[in-house]
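*Asks:* Predicted structure and sequence below. I'll ask about it afterward.
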Amino acid sequence: MLSQEKLNELLFPHTKVREIQAELILDVEKTIANKQSIVMHAPTGLGKTASTLPIALSYAIKNKLTVFFLTSRHTQHKIAIDTLREIKNKHNINFNVADIIGKKWMCLQPNAHKMYSSEFSQFCKSVVEDGTCEYYVNARNKNYSLTTEAKNVDNQLEIMSPVSTEQVIDVCKLAKLCPYEIAIQQARKAKVIIADYNYVFNPSIQKTFFNKAGIKLEDTIVIVDEAHNLPVRIRDSMTQKLSTFLLARAIAEAKKYQYNETAELLEKLHAVVVELGNEVRRDDDFIKSNRGQGKDIGQANVASQANIAGFDEFVSGDKVGSGIENKEMNNHQEIKNNKISANEITSNNSLHDKKFTAESLLTKQKFVEMVEEFKDYKELLLDLEFIATDVLMKQKQSFISIVHEFFEAWKGEDVGFARILTKSYSKNGINISIAYRCLDPALVTAPIFAGLHSSILMSGTLNPTSMYVDVLGLQKNTIVSDNQNNQGAQDSPKEAVEKTYPNPFPKINRLSLIVPETTTKFTQRNDLQFQKIAAICIEIINSVPGNSAVFFPSYYIRDVVYQNLAASIKKTFINEMPNLTKQEKIELLEKFKSYSVTEKGAVLLGVSTGSFSEGIDLPGDLLKCVVVVGLPLSKPDLETTELIRYYDVKFKRGWDYGYIFPAFNKCIQTAGRCIRSETDRGVIVFLDERFTWANYYKCFPKDWKIEITRDYISKIRQFFEKN
């Protein structure tokens with residue numbers, strides 16, 4: 001156990017520290033001192049922010065470094081600021097803090113937040129260079145020094161520090177100053193910067209921000225909160241897309257401002273995309289006949305096919321685990337030697353949505369050659385950039401700008417990317433799109449992690465840690481297991497440390513069940529299956545004294561099951577809807593919480609990839625039970641199959657890294673909405689027979705006492721009767 005003197009030295013904000021938390025603190029201290037990275041699977045309740053941020057700060061103060069606390073969640077910004085306030089108050093120490101979010105979300109220009117990021121970047125650059133942004137003009141002199149008014153506001157905020165981004169925006173709004181520029185000034189003096197991932201892991205944003213704030217990568221300690229989200233965030237940020245819908249909008253935009261030559265050029269580009277789309281057929285015979293033929297356009301793929309190299313061998317071979325024996329499984333022997341079938345890869349197919357998608361790989365050269373039949377590629381880029389800049393000055397938003405950004409990216413690297421042509425059929429017609437899709441986040445993250453002083457990646461679902469070391473390009477292989485010291489770390493100062501911490505909550509407070517009675521597997525989706533899922537959910541919900549939440553793999557399945565639920569449950573139903581605004585999400589969550597004080601409670605019906613499967617806290621009696629229905633497996637599209645292929649070539653773990661682990665971690669993240677403190681009690685039910693399969697069952701945290709049972713109702717009732 002750490003002494004009080006040591007805790008004070010490390011600026012720990014609390015008076016007491018738990019045993020597991022002390023272990024985490026020492027691991028972080030050693031990692032930073034050795035200039036390493038640590039990848040931590042740390043379950044809810046360990047106090048990750050309080051166990052990492054103060055330790056990094058204390059080291060940064062002594063060694064003249066800067067700490068970045070990176071998070072995509074607004075609630076974590078607040079937790080970080082509150083923690084820093086506690087440090088200041090408890091240890092009577094003074095340091096500066098900067099809290100910053102995306103630049104466009106801080107902008108005071110009307111409707112700036114409605115722009116695409118690329119559009120906003122060009123718009124901001126234009127109005128600053130032209131001197132037409134009053135907020136920037138009021139904040140900066142021509143030599144980039146602060147104006148007198150800006151200095152006064154900066155000093156005011158420094159006295160108040162740490163302050164939230166919202167407070168900075170409010171103060172700047174009154175003074176008519178650019179909040180981003182004031183935040184930059186705060187960052188120049190800050191020991192801790194709380195920001196979104198992009199400020200470190202988007203190369204262009206990082207370069208601009210670090211230069212303006214006077215920060216060097218090698219003098220930075222980075223803490224990545226909810227780090228399981230980082231790979232997808234990076235891949236998405238590095239992906240560009242062009243579509244016939246986008247080109248039609250760009251054509252209309254060019255005509256609106258009488259750029260007739262540009263409109264003609266865009267019409268020719270539209271025709272090229274349509275021509276490529278016509279080479280992708282809907283019928284399965286076309287897919288089968290062209291499998292492996294090596295056509296210029298690439299391998300064709302329909303969403304109902306799992307057309308990837310080695311797939312047949314995987315299905316019929318021994319790549320899936322051979323079974324698990326566990327005496328605590330009620331002797332059901334449910335862990336089976338099941339293999340993922342061709343139908344399993346299609347389990348999230350959206351044919352029920354009356355939308356059909358055909359896809360094909362496309363080569364860089366083929367598309368460039370088709371464009372250069374009527375326009376030199378370099379001239380195309382120059383023309384589009386010039387027109388886009390002019391349009392942005394007139395209307396703050398430009399589809400031509402997005403088209404330009406795509407063509408600029410298209411001639412990029414092939415390795416680590418997939419070029420995918422998609423033709424979508426729906427009741428609204430046909431849309432053809434081309435995506436330059438990033439598959440490998442390590443292309444961005446590896447050099448950044450290598451350049452940092454040290455980094456801390458933490459989450460309650462970094463499982464397995466080795467996957468994140470691999471896919472993010474961290475250097476291997478110093479592994480610290482439970483109850484094992486980090487030996488030899490100083491001999492390999494840049495190697496990543498992997499650490500898995502046990503759940504700190506009493507095991508008797510949680511009942512975790514697998515109910516292998518149903519499945520959402522695509523080939524078995526029918527009315528009878530949905531009725532059975534509904535019947536089991538009804539039994540479970542009616543056995544829980546209070547609020548329950550049920551999460552489904554898709555909105556479609558949720559809606560079908562709900563039709564069979566509504567008449568049989570007396571509790572109030574609250575349905576999560578797609579694309580909720582921040583305010584709508586807050587209101588819905590507060591409504592759900594309000595029912596926890598009633599005798600019946602309420603039922604939240606959500607989606608495992610939706611708004612409420614992550615980033616919300618429902619402690620105490622706010623949530624008594626979570627039911628995870630099915631597996632939120634990735635869509636069986638070319639992106640998924642290419643990701644599996646890529647990770648198989650690079651790591652020999654394509655199915656695990658590209659398909660199984662990401663889906664299963666979403667299930668664990670969803671289940672984590674229940675049991676948020678050491679006094680919480682609750683039930684977690686995994687409802688799908690596939691959870692008993694070896695290739696999925698192996699993914700459950702080792703310290704979870706999972707029971708496979710068909711006698712779930714009596715177990716749930718007994719659990720709540722005891723408490």
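*Replies:* Arrived safely.
*Asks:* Next, the residue nearest the centre of the chain: secondary structure please.
*Replies:* For the chain, residue 229 is the residue whose C-alpha lies nearest the centre (CA atoms, centre = their mean; 3.3 Å). For residue 229, the assignment made with DSSP: H, G, I helix; E, B strand; the rest coil gives helix.
*Asks:* Next, count neighbours for the residue nearest to it when sequence neighbours are not counted.
*Replies:* For residue 229, ignoring the flanking residues on the chain, the nearest one in space by CB to CB, 6 or more residues apart in numbering is residue 72 at 6.2 Å. Every residue, glycine included, has its C-beta placed from N, CA and C. Neighbours of residue 72 under the rule other CB atoms under 10 Å: 17.
*Asks:* which ones are touching residue 72?
*Replies:* With contacts defined as CB atoms under 8 Å, 6 or more residues apart in numbering, the neighbours of residue 72 are 196-197, 226, 229, 233.
*Asks:* pLDDT score for the residue nearest to the centre of the chain?
*Replies:* pLDDT recorded at residue 229 is 93.
*Asks:* related to what we said a few turns ago, any chance of the contacts of residue 72 in CSV with distance to residue 469 as columns?
*Replies:* Conversion of those to CSV gives the following (distance: CB to CB, whole Å):
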residue, distance to residue 469
196, 23
197, 18
226, 17
229, 16
233, 17
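*Asks:* Mark which of these are part of strands, please.
*Replies:* Secondary structure assignment (DSSP state E) places none of the contacts of residue 72 within strands.
*Asks:* Which of these sits closest to residue 631?
*Replies:* For these, the residue nearest residue 631 by CB to CB is residue 229; the value is 18.9 Å.
*Asks:* Against residue 448, how distant is that closest one?
*Replies:* Relative to residue 448, residue 229 is positioned 16 Å away (CB to CB, to the nearest Å).
*Asks:* Residue 513 falls within a strand, correct?
*Replies:* Yes: according to three-state DSSP, the state of residue 513 is that of a strand.
*Asks:* Across the sheet, point out what pairs with it.
*Replies:* When bridges are taken as DSSP bridges, the partners of residue 513 come out as residue 685, residue 707.
*Asks:* Next up, the contacts around it.
*Replies:* The contact partners of residue 513, taken as CB under 8 Å, 6+ apart, are 683-686, 706-709, 712, 715-716.
*Asks:* Now those residues in a markdown table, please, with extra columns for distance to residue 453, pLDDT and neighbour count.
*Replies:* Listed next are those as a markdown table, based on distance: CB to CB, whole Å; pLDDT from 0 to 100; neighbours: other CB atoms under 10 Å:
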| residue | distance to residue 453 | pLDDT | neighbour count |
| --- | --- | --- | --- |
| 683 | 44 | 95 | 23 |
| 684 | 39 | 95 | 23 |
| 685 | 44 | 97 | 27 |
| 686 | 41 | 97 | 27 |
| 706 | 40 | 93 | 18 |
| 707 | 45 | 94 | 18 |
| 708 | 46 | 96 | 23 |
| 709 | 49 | 96 | 20 |
| 712 | 50 | 96 | 22 |
| 715 | 50 | 96 | 16 |
| 716 | 49 | 96 | 22 |
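*Asks:* And those, which is closest to residue 110?
*Replies:* Of all the contacts of residue 513, the one with the least separation from residue 110 (CB to CB) is residue 684, at 46.2 Å.
*Asks:* mind listing what that closest one touches?
*Replies:* Residues counted as contacts of residue 684 (CB under 8 Å, 6+ apart) are 510-513, 625-626, 628, 671, 674-675.
*Asks:* same deal with residue 424?
*Replies:* If you count contacts by CB under 8 Å, 6+ apart, residue 424 has them with 355-357, 430-433.
*Asks:* Who is it paired with across the strands?
*Replies:* Residue 424 has these beta-bridge partners by DSSP bridges: residue 357, residue 431.
*Asks:* Could you report the distance from it to residue 656?
*Replies:* Counting by CB to CB, the gap between residue 424 and residue 656 amounts to 29 Å.
*Asks:* which one is residue 195 nearest to, not counting chain neighbours?
*Replies:* Ranked by CB to CB, 6+ apart and with sequence neighbours excluded, the top spatial neighbour of residue 195 is residue 100, at 4.9 Å.
*Asks:* gap between that neighbour and residue 136?
*Replies:* The gap separating residue 100 from residue 136 is 16 Å, by CB to CB.
*Asks:* which of these two has more neighbours?
*Replies:* Residue environment comparison for residue 100 versus residue 136 gives the larger neighbour count to residue 100, 25 against 20, counting by other CB under 10 Å.
*Asks:* what are the phi and psi values for that one?
*Replies:* Phi and psi for residue 100, reported as degrees, to the nearest 10, are phi -140, psi 140.
*Asks:* Only the buried residues of stretch 582-597, if you could.
*Replies:* 585, 588-589, 592-593, 595-596 (16 or more other CB atoms under 10 Å).
*Asks:* And for that stretch, what's in contact with it?
*Replies:* Counting by CB under 8 Å, 6+ apart, the neighbours of stretch 582-597 from elsewhere in the structure are 74, 546-547, 571-572, 574, 576-577, 580, 601-602, 604, 611-612, 616, 618, 620-623.
*Asks:* Next: stretch 192-204.
*Replies:* Residues from elsewhere that reach stretch 192-204, judged by CB under 8 Å, 6+ apart: 53, 57, 60, 66-72, 77, 80-81, 84, 95-102, 162, 187, 205-206, 209, 213, 220, 222, 224, 229-230, 233-234, 237, 444-445, 448.
*Asks:* and the end-to-end length of it?
*Replies:* The separation between the terminal residues of stretch 192-204, taken as CA to CA, to the nearest Å, is 21 Å.
*Asks:* mind checking how far that stretch is from the chain centre?
*Replies:* How far stretch 192-204 lies from its chain's middle: 15 Å, per CA atoms, centre = their mean, to the nearest Å.
*Asks:* Now for the protein, the helix or strand with the poorest mean pLDDT.
*Replies:* helix 311-316 (a mean of 31; mean pLDDT, DSSP states H and E).
*Asks:* Would you mind confirming that residue 368 makes contact with residue 378?
*Replies:* No: shown here, residue 368 and residue 378 do not form a contact pair, counting by CB atoms under 8 Å, at 11.0 Å.
*Asks:* between the two, which one's more packed in?
*Replies:* Using other CB under 10 Å, the more surrounded residue of residue 368 and residue 378 is residue 368, with 14 against 10.
*Asks:* Kindly confirm my reading that that one is in a helix.
*Replies:* Yes: with three-state DSSP as the criterion, residue 368 is located in a helix.
*Asks:* Next, work out how far apart it and residue 511 are.
*Replies:* 59 Å.
*Asks:* Equivalent analysis for residue 687, please.
*Replies:* Counting by CB to CB, the separation of residue 687 from residue 511 is 14 Å.
*Asks:* More neighbours: which of those two?
*Replies:* More neighbours sit around residue 687 than around the other of residue 687 and residue 511, counting by other CB under 10 Å; the figures are 26 against 21.
*Asks:* Just the strands from the stretch 451-600 of the chain, written as ranges.
*Replies:* Remark: strands assigned in the stretch 451-600 of the chain by DSSP state E, counting those that start in this stretch are 454-459, 478-480, 496-500, 510-515, 548-552, 572-575.
*Asks:* Any chance of TSV for those, columns mean pLDDT and distance to residue 29?
*Replies:* As requested, those are exported to TSV (pLDDT from 0 to 100; distance: least, CB to CB, whole Å):
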stretch	mean pLDDT	distance to residue 29
strand 454-459	96	11
strand 478-480	42	13
strand 496-500	93	12
strand 510-515	95	31
strand 548-552	95	37
strand 572-575	91	44
